[in-house]
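J.: Whatever this is, show me its structure:
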Amino acid sequence: MLRNVKNFFPNQKKINEIKVRFLSYNLYLCVTKYQIFFIMTLNLEILNFVYPFITCLIITYVSIPAIIKVSRIKKLYDEPDERRVHKVVTPTLGGVAIFAGISISSLLFIEATEFSQFKFYLAGMVILFFTGIKDDILIISARKKLILQLIAATIVVVCTDVRITNFHGFYGIHEIPEFIGIPVSVFLILTIINAFNFIDGIDGYSASIAIIISCAFGSWFFLVGENALVVLALTVIAALISFLRYNLFSSQNKIFMGDTGTLILGFIIAIFAIRFNEINLVLDKSAYFYILPAPAVTFGILLVPLFDLLRIVFIRMVIGKPIFMPDKRHLHHVLLELGLSHKKIVAIMALVNIFFVIISFTLHEYFTIRRLILLLLLTATVLAYVPRIIISRKKKK
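T.: Residues are numbered from 1 along each chain as shown. The predicted structure follows:
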């Protein structure tokens with residue numbers, strides 16, 4: 001009888017086993033619950049970026065055929081001449097679709113708390129949109145175009161926080177007063193806008209470079225939690241992917257982005273560049289994503305368009321030619337002399353841009369601003385002269 005009673009009541013060892021199993025089960029339920037919550041939260045956060053990307057992709061993709069049709073009816077073409085590399089008349093209003101995709105998607109998906117800044121971005125984009133449209137259809141003088149660029153840049157610099165306030169210790173200079181920061185910022189925006197305008201000479205070139213640069217800045221903005229800038233970067237990438245479908249991979253429905261596209265792209269990427277430098281000033285210096293030589297890394301990300309601009313301006317000044325007078329001295333023209341197709345040139349220059357982005361982010365911990373910029377410039381100069389060396393050897397043979 002006593003033995004049966006003892007068997008009925010479990011001993012301490014069994015009680016402990018039951019407790020362990022009970023705790024393990026509860027822990028499992030708790031972990032599973034938090035895993036589900038984390039996955040749902042992560043999915044919701046990702047969707048905040050997926051929606052604007054897909055929306056912009058569709059808007060741009062659907063808009064372009066309609067723009068091509070209207071351009072053909074109204075004869076809004078870019079006529080071939082001795083300076084241009086294309087051989088057939090081609091519509092030049094691709095920038096209209098790019099602007100529509102970026103602006104509509106951004107308006108729909110950028111948070112209301114961030115919209116106070118974005119409305120001034122949009123104001124500058126609208127000015128450049130109409131500037132580009134007029135230049136693509138009627139042609140306007142370089143002076144008028146520069147004045148309108150100046151107005152757009154001034155609006156965004158004066159009315160938002162897109163302004164250089166610190167040189168990050170470059171030549172020992174840190175904080176700068178507003179009366180210096182405003183003109184420096186405006187000049188930087190104008191430089192980047194015209195750098196993109198300069199490289200828009202062959203199919204897919206400026207669009208591919210803008211995608212890579214937007215990916216670089218957009219990824220960093222995502223890591224530091226700047227969601228509005230991430231959305232803007234994603235819309236740029238989506239719009240250009242749709243544009244490339246017609247510009248680079250279509251023979252029947254080819255279209256150029258024109259000045260409308262290059263002005264808007266340069267303007268947005270200039271905003272990315274300035275915000276990248278300014279956000280680094282407020283990051284904790286012990287943070288993993290903090291970049292001390294931010295100006296040098298910015299230069300590395302933008303090196304392909306900036307180097308071509310600096311190189312062309314220097315050459316034209318030396319030979320006494322107006323800076324904005326078009327010619328065939330750009331890097332893509334040199335590569336065309338080698339007999340390379342547009343797609344091969346775009347692939348080469350895209351890989352070069354990716355190379356400079358990687359080394360800029362990789363080496364920023366080991367170099368000061370001056371030394372990293374010098375390294376990037378020397379490397380770019382050597383690479384730029386390789387095609388010339390190959391051409392001269394071919395001519396000797």
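J.: could you pull out the helices for the stretch 201-350 of the chain?
T.: For the stretch 201-350 of the chain, applying DSSP state H, counting those that start in this stretch gives helices covering 205-223, 227-247, 258-282, 294-301, 303-318, 331-337, 342-363.
J.: How far does the third one sit from its chain's centre?
T.: Taking C-alpha atoms, centre = their mean, to the nearest Å, the mean C-alpha location of helix 258-282 is offset from the chain mean by 8 Å.
J.: Which strands or helices does that helix pack on?
T.: If you count contacts as 3 or more C-beta pairs under 8 Å, 6 or more residues apart in numbering; DSSP states H and E, helix 258-282 packs onto helix 94-109, helix 115-137, helix 142-159, strand 166-170, helix 178-199, helix 205-223, helix 227-247, helix 294-301. Heads up, the C-betas are built off the backbone N, CA and C, glycines and all.
J.: so can I have JSON lines of those showing mean neighbour count and distance to Val50?
T.: Shown next, in JSON lines, are the helices and strands packed on helix 258-282 (neighbours: other C-beta atoms under 10 Å; distance: least, C-beta to C-beta, whole Å):
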{"stretch": "helix 94-109", "mean neighbour count": "24", "distance to Val50": "10"}
{"stretch": "helix 115-137", "mean neighbour count": "19", "distance to Val50": "19"}
{"stretch": "helix 142-159", "mean neighbour count": "18", "distance to Val50": "27"}
{"stretch": "strand 166-170", "mean neighbour count": "17", "distance to Val50": "34"}
{"stretch": "helix 178-199", "mean neighbour count": "20", "distance to Val50": "27"}
{"stretch": "helix 205-223", "mean neighbour count": "23", "distance to Val50": "13"}
{"stretch": "helix 227-247", "mean neighbour count": "24", "distance to Val50": "9"}
{"stretch": "helix 294-301", "mean neighbour count": "24", "distance to Val50": "25"}
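J.: if we can go back for a sec, quick one: closest of the helices of the stretch 201-350 of the chain to Ile193.
T.: Ranking the helices of the stretch 201-350 of the chain by their distance to Ile193 (criterion: C-beta to C-beta) puts helix 258-282 first, at 3.4 Å.
J.: Tell me the buried residues in that closest one?
T.: If you call a residue buried by 16 or more other C-beta atoms under 10 Å, then helix 258-282 has these buried ones: 258-280.
J.: what distance separates the start and the end of stretch 219-237?
T.: End-to-end distance of stretch 219-237 (C-alpha to C-alpha, to the nearest Å): 12 Å.
J.: who touches the residue nearest in space to the middle of the chain in this structure?
T.: The residue lying closest to the centre of the chain (C-alpha atoms, centre = their mean) is Ser214, at 2.1 Å. By C-beta atoms under 8 Å, 6 or more residues apart in numbering, the residues touching Ser214 are Ala233, Val236, Ile237, Leu240, Ile268, Ile269, Phe272.
J.: now the nearest residue to Tyr77 once chain neighbours are set aside: how far from Leu76?
T.: Closest residue to Tyr77 apart from its sequence neighbours, by C-beta to C-beta, 6 or more residues apart in numbering: Val89 at 3.9 Å. Distance of Val89 to Leu76, computed by C-beta to C-beta, to the nearest Å: 10 Å.
J.: out of the two, which sits in the more crowded spot?
T.: Each of Val89 and Leu76 has its neighbours counted (other C-beta atoms under 10 Å); Leu76 has more, 18 against 14.
J.: Check what pLDDT that one gets.
T.: On pLDDT, Leu76 comes in at 79.
J.: Looks like it contacts Thr90 (just checking).
T.: No - counting by C-beta atoms under 8 Å, Leu76 stays clear of Thr90, with 10.2 Å between them.
J.: ok, back up a step: and the helices and strands packed on helix 258-282 as CSV, adding mean pLDDT and distance to Leu309?
T.: Output for the helices and strands packed on helix 258-282, formatted as CSV (pLDDT from 0 to 100; distance: least, C-beta to C-beta, whole Å):
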stretch, mean pLDDT, distance to Leu309
helix 94-109, 94, 19
helix 115-137, 91, 18
helix 142-159, 95, 14
strand 166-170, 90, 20
helix 178-199, 95, 4
helix 205-223, 96, 12
helix 227-247, 95, 20
helix 294-301, 96, 12
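J.: could these be laid out in TSV, adding distance to Ile323?
T.: Shown next, in TSV, are those (distance: least, C-beta to C-beta, whole Å):
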stretch	distance to Ile323
helix 94-109	23
helix 115-137	17
helix 142-159	8
strand 166-170	25
helix 178-199	9
helix 205-223	19
helix 227-247	27
helix 294-301	20
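J.: So which of these is nearest Pro52?
T.: The closest of the helices and strands packed on helix 258-282 to Pro52 is helix 94-109. By C-beta to C-beta, the value is 3.9 Å.
J.: ok so, going back, for Phe187, find the nearest of the helices of the stretch 201-350 of the chain.
T.: Across the helices of the stretch 201-350 of the chain, closest to Phe187 is helix 258-282 (C-beta to C-beta), at 10.3 Å.
J.: ok, back up a step: need the max-distance pair from the contacts of Ser214.
T.: Farthest apart among the contacts of Ser214 - using C-beta to C-beta - are Leu240 and Phe272, which lie 14.0 Å from each other.
J.: picking that back up, which stretch among the helices and strands packed on helix 258-282 comes nearest Asn353?
T.: With respect to Asn353, and counting by C-beta to C-beta, the nearest of the helices and strands packed on helix 258-282 is helix 205-223 at 4.9 Å.
J.: Many thanks, I have nothing further to ask.
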